[in-house]
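S.K.: any chance you could fold what I've pasted below:
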Amino acid sequence: MPNILRETLEDGLYLLRFDRPDSSVNIFDLETLAELESHLDAIVSTGPAIRGLILTSAKPSIFLAGADLHAIRKMNTEEVKTFIQRGQDVFNKLAGLTFPTVTAVHGAALGGGYEVCLACDWRIASTDPATKLGLPETKLGIIPAWGGCTRLPRLLSVPVALDIILGGKVLPAKQALRIGMVDEVMPREHMLVAARRWLERGKHPHGIAHSAPVNMVVDAVIAPSARHDVRRKTHGHFPAVEKALEVVLKGSSSWNEKDSLEREREAIVELIAGDTTRQLMNLFFLQEKAKKFSVPNTPREVTPVSRAAVIGAGVMGAGIAQWLSSRGVPVILRDVDAERVAGGMGKIAGLYAAGVRSRTFTEREARTGLDRVSPAAAVVPLTRVDLVIEAAVEKMDIKKVIFQDLDQRVREDAILATNTSALSITELASATRHPARVVGLHFFNPVHKMQLVEVVAGRATAPEVAQRAVQFAQRIGKLPVLVKDSPGFLVNRILLPYMAEAGALFWAGADMTAVDHAMLDFGMPMGPLRLVDEVGADVALDVAATLAAAFPDRLRVPDVLPALEGTGLLGRKVGKGFYKYRKGGEASPNKTAIKLRPPRLPKPPAHDEIESRLVLLMINEASRCLEEGIVASAGEIDLAMVMGTGFAPFRGGPLRTADTMAITKVVEDLTRYAETAGPHYAPSALLQDMAKTGKRFYDD
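M.R.: Model (predicted):
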């Protein structure tokens with residue numbers, strides 16, 4: 001069956017409709033590229049009276065999702081080179097047509113899907129929320145190589161194109177319109193009429209003309225600043241960003257399209273062979289898997305969640321309520337008094353205002369979203385809600401009282417969820433009459449930025465309830481990971497030993513900036529001591545105490561946490577912790593925190609040892625989580641750590657990192673540190689067995 005259908009709309013006007021058979025997604029593989037070229041040749045052969053060509057899609061939410069990444073991952077270097085060349089040749093043929101062309105985009109047009117739009121004269125898009133356009137390739141460790149790095153700067157300007165390409169950005173239609181990525185936005189039902197109108201304009205002038213002043217601006221002004229920004233942001237860990245930058249800069253300074261396309265090909269062929277690209281593509285496939293995940297042995301289709309309530313209007317409760325409302329879910333925001341509810345509504349309004357400033361929302365979308373939140377400072381009926389998310393203080397006795405009350409006031413088919421980060425779902429459920437409907441929905445802070453949600457199943461949680469929670473997370477645009485109820489669940493269980501050891505290193509005399517810089521150099525988004533400040537020393541202490549009680553043989557509360565809490569150095573929320581925080585200024589080491597610790601060791605650990613010890617503790621704890629069945633696979637652990645903590649994505653996650661290091665080396669180093677730094681470094685039974693048998697966490 002064909003991937004592309006050709007229609008003659010009227011004399012001299014043609015339409016190509018992408019519709020990959022037996023698939024919800026249109027992609028470009030060699031077969032589809034050949035079909036596109038064949039259709040173009042057939043249209044050209046009809047004679048000189050051609051008035052124009054429209055490209056569109058039959059899919060409900062996808063225009064074109066780009067190149068077939070599954071196929072690319074299996075290609076050798078020569079096959080990749082051939083594939084990229086083929087795409088460039090076909091898109092060049094489209095761009096070189098003597099008659100006007102327009103893409104009518106409904107749904108996602110990503111990567112190669114947007115590059116085919118760039119090869120056309122005009123681009124129109126639907127107003128549907130599913131319509132998004134962009135070039136996300138750098139997030140996969142590659143670059144736009146079917147003309148994206150060459151044509152987008154000519155369409156938008158070099159600085160704007162660099163912002164899209166280097167950031168791997170994907171934009172909704174209206175935002176794409178504002179910067180010129182599309183020419184018009186309208187309802188889907190009007191697009192074909194609009195497409196005819198754009199074709200009447202003829203061929204596009206295709207951007208800025210080549211000139212000496214343009215070259216001078218690119219070389220003298222844009223290039224140095226862009227290179228500095230890239231080095232500062234990537235620390236050399238993301239070669240695709242650096243390659244994309246150079247391809248765009250060189251192509252835009254010379255304005256030679258043929259040379260620029262050749263640089264695109266050379267860059268992607270080099271990148272595709274690198275470890276960073278493999279790890280980033282692996283993560284992409286893990287994300288795609290999470291979007292489609294179903295709880296085993298449950299029906300795929302379960303009763304959806306349409307209305308929700310959030311109990312607790314603090315930072316997390318307000319953040320969850322705002323996210324739900326922005327995704328079309330009516331939500332009640334409840335707290336114990338009007339002042340706290342007002343504070344929560346203020347936080348929600350602030351999030352929407354920030355979204356308007358960043359053009360994530362229009363003014364109208366922000367107002368509509370805010371209207372979906374119903375503040376409640378008194379007891380209100382909850383019989384219409386399908387899901388209640390409790391986001392109160394992290395105290396089990398308080399949560400039990402809340403759940404006992406909720407258990408009496410919601411429908412029997414409603415889900416009761418808690419946003420706890422470490423407390424037992426099973427124990428909390430025991431306070432209710434219907435423990436089967438209690439589940440953990442652990443969102444991460446800040447909710448509007450963090451994609452991960454841990455769906456935590458207690459011992460009594462019904463599989464169908466877990467499935468409804470998973471589907472709800474997917475519906476609101478989050479990535480769910482199903483986790484077994486255990487102290488700290490998954491992410492905090494792995495992260496806590498890392499943070500505790502960083503605190504212990506500081507307490508023993510290590511310089512706080514040395515500890516943090518070691519992990520920044522490794523690729524973490526922030527150092528572990530800075531992370532404690534972000535979380536809050538009091539919150540970190542609660543989690544540490546929970547986990548230390550559960551695993552006393554290897555986890556302990558670092559002395560620095562009670563010392564910080566006792567002196568009010570709780571972190572960023574109070575302006576001081578390990579660091580001091582000034583509004584609009586850089587964080588600086590807090591001398592008061594330094595004075596809390598006992599006399600320094602004569603020789604604190606060196607940079608490499610700090611990095612090694614902290615990374616190995618995460619690997620060790622991650623292996624224990626897999627050994628204990630906290631999650632079902634190594635991939636779920638790595639996805640959770642990257643999406644929930646920012647674990648260096650170019651390394652693929654802690655268990656991918658272990659495979660890269662070699663399991664035997666991991667066990668050797670852990671054994672050595674167990675002798676020199678403490679028994680909590682003793683390698684897990686799983687790691688020891690893998691070292692003996694030569695196994696890896698991944699077979700690919």
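S.K.: what distance do you get for residue 423 to residue 456?
M.R.: 10 Å (C-beta to C-beta, to the nearest Å). Where you see a C-beta, it was placed from the backbone N, CA and C, and this is true even at glycine.
S.K.: so which of those two has more stuff around it?
M.R.: residue 456 (30 against 23; other C-beta atoms under 10 Å).
S.K.: and the contacts of stretch 241-253?
M.R.: 137-138, 143-144, 149-150, 153-154, 158, 161-162, 165-166, 214-215, 218-219, 222-223, 226-227, 230, 233-234, 236, 257, 259-260, 263-264, 267, 270-271 (C-beta atoms under 8 Å, 6 or more residues apart in numbering).
S.K.: so who does residue 239 touch?
M.R.: Shown in contact with residue 239 (C-beta under 8 Å, 6+ apart): 141, 271, 274, 276.
S.K.: nearest residue to the middle of this protein?
M.R.: Taking C-alpha atoms, centre = their mean as the criterion, residue 451 is the residue nearest the geometric centre of the chain, at 5.5 Å.
S.K.: strands along the stretch 451-600 of the chain, start to end?
M.R.: Remark: strands assigned in the stretch 451-600 of the chain by DSSP state E, counting those that start in this stretch are 452-457, 479-484, 579-580, 588-589.
S.K.: so which of these is the most packed in?
M.R.: For the strands of the stretch 451-600 of the chain, the largest average neighbour count (mean count of other C-beta atoms under 10 Å) is found in strand 452-457, namely a mean of 26.
S.K.: next one: the residue nearest to residue 282 when sequence neighbours are not counted from residue 141, what distance?
M.R.: By the measure of C-beta to C-beta, 6 or more residues apart in numbering, the closest residue to residue 282 outside its immediate chain neighbours is residue 652, 5.7 Å from it. To residue 141, residue 652 is 11 Å away according to C-beta to C-beta.
S.K.: got any residues that touch both of the two?
M.R.: Common neighbours of residue 652 and residue 141, counting by C-beta under 8 Å, 6+ apart, are 278-280.
S.K.: just send those back as JSON lines, with distance to residue 298 too.
M.R.: Below are the shared contacts of residue 652 and residue 141 laid out as JSON lines (distance: C-beta to C-beta, whole Å):
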{"residue": "278", "distance to residue 298": "33"}
{"residue": "279", "distance to residue 298": "31"}
{"residue": "280", "distance to residue 298": "31"}
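S.K.: for residue 692, what is the enclosing helix or strand?
M.R.: Using DSSP states H and E, residue 692 sits in helix 685-693.
S.K.: using PDB, list the CA coordinates for that helix.
M.R.: Only the C-alpha atoms of helix 685-693 are listed here, as PDB (Å, rounded to 0.1, in the frame of the first residue of the first chain):
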ATOM      1  CA  ALA A 685      24.700  -8.900  45.000                       C
ATOM      2  CA  LEU A 686      23.400  -8.200  41.500                       C
ATOM      3  CA  LEU A 687      26.500  -6.300  40.500                       C
ATOM      4  CA  GLN A 688      28.800  -9.000  41.900                       C
ATOM      5  CA  ASP A 689      27.000 -11.700  40.000                       C
ATOM      6  CA  MET A 690      27.100  -9.700  36.800                       C
ATOM      7  CA  ALA A 691      30.800  -9.200  37.100                       C
ATOM      8  CA  LYS A 692      31.400 -12.900  37.500                       C
ATOM      9  CA  THR A 693      29.200 -13.900  34.600                       C
END
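S.K.: that one packs against which elements?
M.R.: Packed against helix 685-693, as judged by 3 or more C-beta pairs under 8 Å, 6 or more residues apart in numbering; DSSP states H and E, are the following elements: helix 607-627, helix 663-676.
S.K.: 10 Å - rerun?
M.R.: Contacts defined by 3 or more C-beta pairs under 10 Å, 6 or more residues apart in numbering; DSSP states H and E place helix 685-693 against helix 607-627, helix 654-661, helix 663-676.
S.K.: make TSV out of the ones you listed and add mean pLDDT and mean neighbour count.
M.R.: Output for the helices and strands packed on helix 685-693, formatted as TSV (pLDDT from 0 to 100; neighbours: other C-beta atoms under 10 Å):
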stretch	mean pLDDT	mean neighbour count
helix 607-627	97	22
helix 654-661	97	23
helix 663-676	97	17
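S.K.: can you lay out these as CSV showing distance to residue 494?
M.R.: Listed next are the helices and strands packed on helix 685-693 as CSV, based on distance: least, C-beta to C-beta, whole Å:
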stretch, distance to residue 494
helix 607-627, 5
helix 654-661, 7
helix 663-676, 15
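S.K.: residue 61: which of those helices is closest?
M.R.: Within those, the stretch nearest residue 61 is helix 654-661; the backing value is 30.7 Å (C-beta to C-beta).
S.K.: run the chain-centre distance for that closest one.
M.R.: Put simply, helix 654-661 sits 21 Å off its chain's centre (C-alpha atoms, centre = their mean, to the nearest Å).
S.K.: check which element follows the lowest-mean-pLDDT helix or strand in the chain along the chain.
M.R.: One helix or strand of the chain scores below all others by mean pLDDT, DSSP states H and E: helix 212-217, with a mean of 56. Following helix 212-217 in sequence order, the next helix or strand is helix 223-234 (DSSP H and E).
S.K.: buried residues, that next one. List them.
M.R.: Along helix 223-234, these residues count as buried under the neighbour rule (16 or more other C-beta atoms under 10 Å): 223, 226, 230, 234.
S.K.: picking up where we left off before, make sure the residue nearest to residue 282 is actually in contact with residue 285.
M.R.: No: in this structure residue 652 lies outside contact range of residue 285 using C-beta atoms under 10 Å: 11.2 Å.
S.K.: those two: which is more packed in?
M.R.: Legend: neighbour count by other C-beta under 10 Å for residue 652 and residue 285, higher for residue 652 (28 against 15).
S.K.: and the pLDDT at the more buried one?
M.R.: Model confidence at residue 652, expressed as pLDDT, equals 95.
S.K.: I'd assumed residue 622 was in contact with residue 653.
M.R.: Yes: between residue 653 and residue 622 a contact is recorded at 8.0 Å, counting by C-beta under 10 Å.
S.K.: the spatially closest residue to residue 589 that is not a sequence neighbour and residue 506: what is the separation?
M.R.: Nearest residue to residue 589, sequence neighbours excluded (C-beta to C-beta, 6+ apart): residue 512, at 5.6 Å. Distance, residue 512 to residue 506, by C-beta to C-beta: 5 Å.
S.K.: joint contacts of these two?
M.R.: By C-beta atoms under 10 Å, 6 or more residues apart in numbering, residue 512 and residue 506 have these common neighbours: 528-529, 578, 593-594.
S.K.: which of those residues ranks first by neighbour count?
M.R.: Sorting these by how many neighbours each has (other C-beta under 10 Å) puts residue 578 first, at 29 neighbours.
S.K.: residue contacts, that one?
M.R.: Counted by C-beta under 10 Å, 6+ apart, residue 578 has contacts 502-503, 506, 512-513, 515-516, 527-533, 537, 560, 564, 569, 571, 587, 589-590, 592-594.
S.K.: likewise for residue 222?
M.R.: Residues in contact with residue 222 (C-beta under 10 Å, 6+ apart) are 157-159, 162, 248-249, 252-253.
S.K.: repeat that for 6 Å
M.R.: residue 158 (C-beta atoms under 6 Å, 6 or more residues apart in numbering).
S.K.: check residue 617 too.
M.R.: Here residue 617 is in contact with 497-498, 501 (C-beta under 6 Å, 6+ apart).
S.K.: now, the contacts of residue 578 that are in helices?
M.R.: Among these, the residues falling in helices (DSSP state H) are 502-503, 506, 512-513, 515-516, 528-533, 537, 560, 564, 592-594.
S.K.: which of these are buried? Put it as a PyMOL command.
M.R.: Of the ones in helices among the contacts of residue 578, the buried ones go into a single PyMOL selection, burial set by 16+ other C-beta under 10 Å:
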select buried, resi 502+503+506+512+513+515+516+528+529+530+531+532+533+537+560+564+593
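S.K.: so where's the stretch 501-650 of the chain shaky on pLDDT?
M.R.: 601 (pLDDT under 70).
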